[in-house]
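> how would this look folded up:
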Amino acid sequence: MVSRPAPDGAGTRPEAPASTLPAVMPMISQEANVAWTWQFEQTDGTRVEPSVPVEDFSTQGDAESWIGEHWRALREGGADQVRLLEDGTEVYGPMSLHASDG
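Below you'll find the predicted structure:
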């Protein structure tokens, strides 16, 4: 183990051995495997099967782009609203698939 001077000059402190670095790596790779998914519902919150093939997304932006492309077909297939989930935890929703009256 290598010793380095302490920042305050009060002696030395041991330097962490290089073997501790791989222990951090799994934490980084776990974050990279985040799955973004949509949950499809009727207005009353009852879940429905989507009318188009769905997938898991690696980023929120990819999931939002997908819903932007498919919301009409989903609405026509019986979904009234959606919820965005990150690894099963709701990020936002419900978001209506019907045009606003504004």
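> for this structure, what spans make up the helices?
Under the criterion DSSP state H, the chain contains helices at 25-32, 60-76.
> Look up the pLDDT of W66 for me, please.
Reading off the per-residue confidence, W66 sits at a pLDDT of 97.
> for this structure, which spans come out with low pLDDT?
1-32, 101-102 (pLDDT under 70).
> what's the longest strand in it?
Criterion DSSP state E: the longest strand present in the chain is strand 89-96.
> Mind giving me the packing neighbours of that strand?
strand 36-41, strand 81-86 (3 or more C-beta pairs under 8 Å, 6 or more residues apart in numbering; DSSP states H and E). Yep, even glycine has a C-beta here, placed from its N, CA and C like the rest.
> so how far is E41 from H70?
15 Å (C-beta to C-beta, to the nearest Å).
> Next: R72.
17 Å.
> neighbour count winner among the two?
Neighbour tally, R72 and E41, criterion other C-beta atoms under 10 Å: the higher count belongs to E41, 20 against 10.
> and the residue nearest to that one when sequence neighbours are not counted, what are its bridge partners?
Leaving aside its sequence neighbours, E41 sits nearest to Q81 (C-beta to C-beta, 6 or more residues apart in numbering; 5.1 Å). Beta-bridge partners for Q81, by DSSP bridges, are E41, S96.
> isn't F57 right up against I67?
No - the pair F57 / I67 is not scored as a contact, 9.8 Å apart, by C-beta atoms under 8 Å.
> Settle it for me: which of the two has more neighbours?
Each of F57 and I67 has its neighbours counted (other C-beta under 10 Å); F57 has more, 20 against 16.
> Quick check: that one vs T46, distance?
Computed as C-beta to C-beta, the F57 to T46 distance reads 24 Å.
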